[in-house]
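>>> sequence first, predicted model second:
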Amino acid sequence: RKEVEQDPGPFNVPEGATVAFNCTYSNSASQSFFWYRQDCRKEPKLLMSVYSSGNEDGRFTAQLNRASQYISLLIRDSKLSDSATYLCVVSRWDGNKLVFGAGTILRVKS
Amino acid sequence: SQTIHQWPATLVQPVGSPLSLECTVEGTSNPNLYWYRQAAGRGLQLLFYSVGIGQISSEVPQNLSASRPQDRQFILSSKKLLLSDSGFYLCAWSPGTTYGYTFGSGTRLTVV
């Protein structure tokens, strides 16, 4: 089983739609969780950290369910500029490394 | 503020040639440093990480090596490149995994 699993997509949505991505992780000892965004042929960039109580940053909401080892990202009112690959990221048990999921592709169309 | 520099941006090298990619971080001290590779259409694979000068941990046995000669300098090397070494190489730094990583802009390596 992979340490971090994501649906690769692509998710094709119209502008203004709400879209949700899910991610599961295998290591119950993981302590840190993030969502990254990667544009085509660019480096990944931190989108947001994910906290146990859930957190929101503008149109983006992240949720963590430790019992189910599940992380989600909700994007409201999708923009064309949201088109990218979204990477779910989890810390490993030894604390020094992060494990990246393979990513979910989002395409927002007008 | 902290910045990470990685060069070159693009590299085309023949099979069997050596490789040296450099990464430097500014504005912080004693960062954790990482080298990742991303093959075309694939996820990020951790190659090496370092928590201090001269301390290198390898994640995957392969044709590559890494060195950290100075606190904020991380170098990825190979003596003889293989076709399978082609990919997008990314350097990253972090003060600790609680804060996530910041990536350099990457080097796109094509071995021909």
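Nice, I can see it.

>>> the chain: strands as residue ranges?
No chain in the question, so chain A it is. A:4-6, A:11-14, A:19-25, A:33-38, A:45-49, A:55-57, A:60-65, A:70-75, A:84-91, A:98-100, A:104-109 (DSSP state E).

>>> switch to chain B, please.
B:3-7, B:10-13, B:19-26, B:32-38, B:44-52, B:55-58, B:65-70, B:73-78, B:87-94, B:102-103, B:107-111.

>>> for the strands of chain A, which has the smallest mean pLDDT value?
Of all the strands of chain A, mean pLDDT reaches its minimum on strand A:98-100 (a mean of 91).

>>> buried stuff in stretch B:101-112?
B:101-104, B:106-109, B:111 (16 or more other C-beta atoms under 10 Å in any protein chain shown). No exception for glycine: its C-beta is placed from N, CA and C like everyone else's.

>>> and the two most separated of these?
Pairwise distances across those peak at 27.3 Å for B:Thr102 and B:Val111 (criterion: C-beta to C-beta).

>>> so which bits of chain A are right by chain B?
A:31-32, A:34, A:36, A:41-46, A:49, A:87, A:89, A:91, A:95-103 (C-beta under 8 Å from any C-beta of the partner chain).

>>> now list the buried members of the residues you listed.
Among the residues of chain A next to chain B, the ones that count as buried by 16+ other C-beta under 10 Å are A:32, A:34, A:36, A:43-44, A:46, A:49, A:87, A:89, A:91, A:96-103.

>>> pLDDT weak spots in chain B?
Low-confidence segments of chain B (pLDDT under 70): B:61, B:97.

>>> who in it is up against chain A?
Counting by C-beta under 8 Å from any C-beta, chain B sits next to chain A at B:32, B:34, B:36, B:42-44, B:46, B:49, B:51, B:88, B:90, B:94, B:97-98, B:100-106, B:108.

>>> same thing but 10 Å
B:4, B:6, B:32, B:34, B:36, B:38, B:41-46, B:49-51, B:57, B:59, B:88, B:90-92, B:94, B:96-106, B:108 (C-beta under 10 Å from any C-beta of the partner chain).

>>> in PyMOL, how would I select just the buried ones from those?
Buried residues among the residues of chain B next to chain A (16+ other C-beta under 10 Å), as a PyMOL selection:
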select buried, chain B and resi 4+6+32+34+36+38+43+44+46+49+50+88+90+91+92+94+97+100+101+102+103+104+106+108
